[in-house]
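J.: Have a look; sequence and predicted model below, questions after that.
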Amino acid sequence: MSRRQLERGAALRGMVSPDGIVPLGADFPADGSGPDADCHILHLDMDAFFASVEQLRHPEARDRPVIVGGTGPRSVVSSADYLARARGVHSAMPMARALRLCPDAAVFPPDGAAYRQASEAVMDILRSVTPLVQPLSLDEAFLDVSGARRRLGGPVRIAAMIRERVRSEQRLTCSVGVAANRFTAKLGSTHCKPDGLLLVPTAHVRGFLDPLPVGALPGVGDRTEQTLARLGLRTVGQLARYEPDLLRMELGNKAGTRLAALARGEDDSTVVAETADKSVGAEETFDDDVADPDVVDRELLRLAEKVGRRLRASGQVGRTVSVKLRRADFSTITRSRTLAESTDVAREISAVARELYAASGLRRTPLRLIGVRVEGVAPADRAHRQLALGEEDSGWRDVERVMDQVTARFGPGAIQSAVLAKRDENDV
């Protein structure tokens, strides 16, 4: 998070009245008829993401300030946890200065692979809620949960469920803003950081925005802020009441039109799901550690179904199947196998996943979390399946497409994993 973002966050926390804003812990009707009824956009922002991942990897640093970045003479801070931020450390600050402010900090070099892995796990949680997920970076994303309300309840309940899953499954915290549009939802998540949830009901959007400094609006840099100050516009409320034509004359047609709309809480941009997945996966954290191989096998089958369904929904196939197995002490191993042909068939994915589990050496080891992932993903129309001479297509892809249609209409519980499991047993 940049210094400017930190300043905006401080301005939000210091100037926004809580009137009409529903904070973390508020109770909402299960049918989604509360004040969040039309607030279907969520913005999730991980808290001090890189630093938090390093704290997981280095438990000995948990009670110390954590800074991520290089240690060379010209190195800068990539990320800092909230203990370090409280002492004035922020991203893009020279590391030498950061260490003068926080000499007892634990400093770790950036590990992009570890952050990508943690990000993929969080994004998998989001995509298990709705396919309409738009990642903005490794540590933040927009979600449109309008299609998940019948199954999971209102937006605030969904946001609370996501936060709990991120906490329990990944041991990380996040902040979530809930609103009727992307712009307001993102401001909401900034306002409630760290580790918060904030709903901005549509009826109270202006009350939420008006006291903010104009610098809280996206696209308002130092130069634009100076121009607005010259016009006597220092708060969003003042900007919202300013004549739009005069604003366009000062800032240009495009920038003036957009800022005038944002100041009034208007944003018609939509959540655009990411289409170029490099991998598709699903994970499950058990309430109690599981050592029974039969239970793990059944769960691997269920996760493979989710992965196959997501692949088919996005028109993609993949060649490499991997499993993640996390022990009770949080140590984690992964195993993978590349197939001869790309696939989107859950039965094929689950067969490989269970074989990888059987060969892992952890077949009777208590497990806290398991995951299934298909990598090397590409559009299905570019990966033609070639049958060997005399081989017949098993028809499982067609069967699973029919199951997709039933699931889409009646929900994931309409078809139990036991159906596929039983058929699989009959084929042995």
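T.: Arrived safely.

J.: Grab the nearest non-local neighbour of residue 146.
T.: residue 40 (4.0 Å; Cβ to Cβ, 6 or more residues apart in numbering). For glycine as for every other residue, the C-beta is placed from the backbone atoms N, C-alpha and C.

J.: give me the element residue 84 is part of.
T.: Using DSSP states H and E, residue 84 sits within helix 82-85.

J.: Flag every buried residue along whatever helix or strand comes next after that helix.
T.: Next along the chain after helix 82-85, taking DSSP H and E as the criterion, comes helix 95-101. Neighbour-count burial for helix 95-101 flags 95, 98, 99, 101 (criterion: 16 or more other Cβ atoms under 10 Å).

J.: And for stretch 40-57?
T.: 40-55.

J.: which of those residues sit farthest apart?
T.: Distance extremes for those: the farthest pair is 40 and 54 at 34.3 Å, using Cβ to Cβ.

J.: send the alpha carbons of stretch 237-250 over as PDB?
T.: The C-alpha trace of stretch 237-250 is given here as PDB (Å, rounded to 0.1, in the frame of the first residue of the first chain):
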ATOM      1  CA  GLY A 237     -19.600  16.800  -1.000                       C
ATOM      2  CA  GLN A 238     -18.400  20.100  -2.300                       C
ATOM      3  CA  LEU A 239     -17.400  18.400  -5.500                       C
ATOM      4  CA  ALA A 240     -20.700  16.700  -5.900                       C
ATOM      5  CA  ARG A 241     -22.500  20.100  -5.700                       C
ATOM      6  CA  TYR A 242     -20.200  21.800  -8.100                       C
ATOM      7  CA  GLU A 243     -21.500  22.600 -11.600                       C
ATOM      8  CA  PRO A 244     -20.400  19.600 -13.900                       C
ATOM      9  CA  ASP A 245     -19.800  21.800 -16.900                       C
ATOM     10  CA  LEU A 246     -17.400  24.100 -15.000                       C
ATOM     11  CA  LEU A 247     -15.600  21.000 -13.700                       C
ATOM     12  CA  ARG A 248     -15.200  19.600 -17.300                       C
ATOM     13  CA  MET A 249     -13.800  23.000 -18.300                       C
ATOM     14  CA  GLU A 250     -11.100  22.700 -15.600                       C
END
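
J.: let's have the chain start at 5 instead
T.: Done: numbering now begins at 5, and the last item shifts to stretch 241-254.

J.: where's that stretch relative to the chain centroid, distance-wise?
T.: Stretch 241-254 sits 35 Å away from the centroid of its parent chain (Cα atoms, centre = their mean, to the nearest Å).

J.: go on, stretch 263-274?
T.: Worked out by Cα atoms, centre = their mean, stretch 263-274 lies 24 Å from the chain centre.

J.: what is the mean pLDDT for it?
T.: Mean pLDDT, stretch 263-274: 92.

J.: How about stretch 337-353?
T.: Averaged over stretch 337-353, pLDDT sits at 91.

J.: In that stretch, which residues are buried?
T.: Per 16+ other Cβ under 10 Å, stretch 337-353 contains these buried residues: 339, 340, 343, 346, 347, 348, 349, 350, 351, 352, 353.

J.: What segments of the chain are strands?
T.: All strands of the chain, identified by DSSP state E, fall at 26-27, 45-50, 70-73, 81-84, 110-112, 137-141, 144-148, 178-183, 201-203, 283-294, 320-331, 336-347, 371-379, 382-383.

J.: Make TSV out of those and add distance to residue 234.
T.: As requested, those are arranged in TSV below (distance: least, Cβ to Cβ, whole Å):
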stretch	distance to residue 234
strand 26-27	36
strand 45-50	32
strand 70-73	37
strand 81-84	33
strand 110-112	42
strand 137-141	32
strand 144-148	33
strand 178-183	31
strand 201-203	33
strand 283-294	50
strand 320-331	52
strand 336-347	56
strand 371-379	54
strand 382-383	52
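
J.: Of the ones you listed, which shows the lowest average pLDDT?
T.: The minimum mean pLDDT among these belongs to strand 26-27 (a mean of 50).

J.: Could you find the closest non-adjacent residue to residue 297?
T.: residue 367 (5.1 Å).

J.: Now do the same contact list for the one you found.
T.: By Cβ atoms under 8 Å, 6 or more residues apart in numbering, the residues touching residue 367 are 297, 300, 361.

J.: export those residues to CSV and tack on neighbour count?
T.: Formatted as CSV, these follow (neighbours: other Cβ atoms under 10 Å):
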residue, neighbour count
297, 15
300, 24
361, 22
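
J.: mind putting these in CSV, distance to residue 260 and pLDDT included?
T.: Listed next are the contacts of residue 367 as CSV, based on distance: Cβ to Cβ, whole Å; pLDDT from 0 to 100:
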residue, distance to residue 260, pLDDT
297, 64, 94
300, 59, 95
361, 59, 96
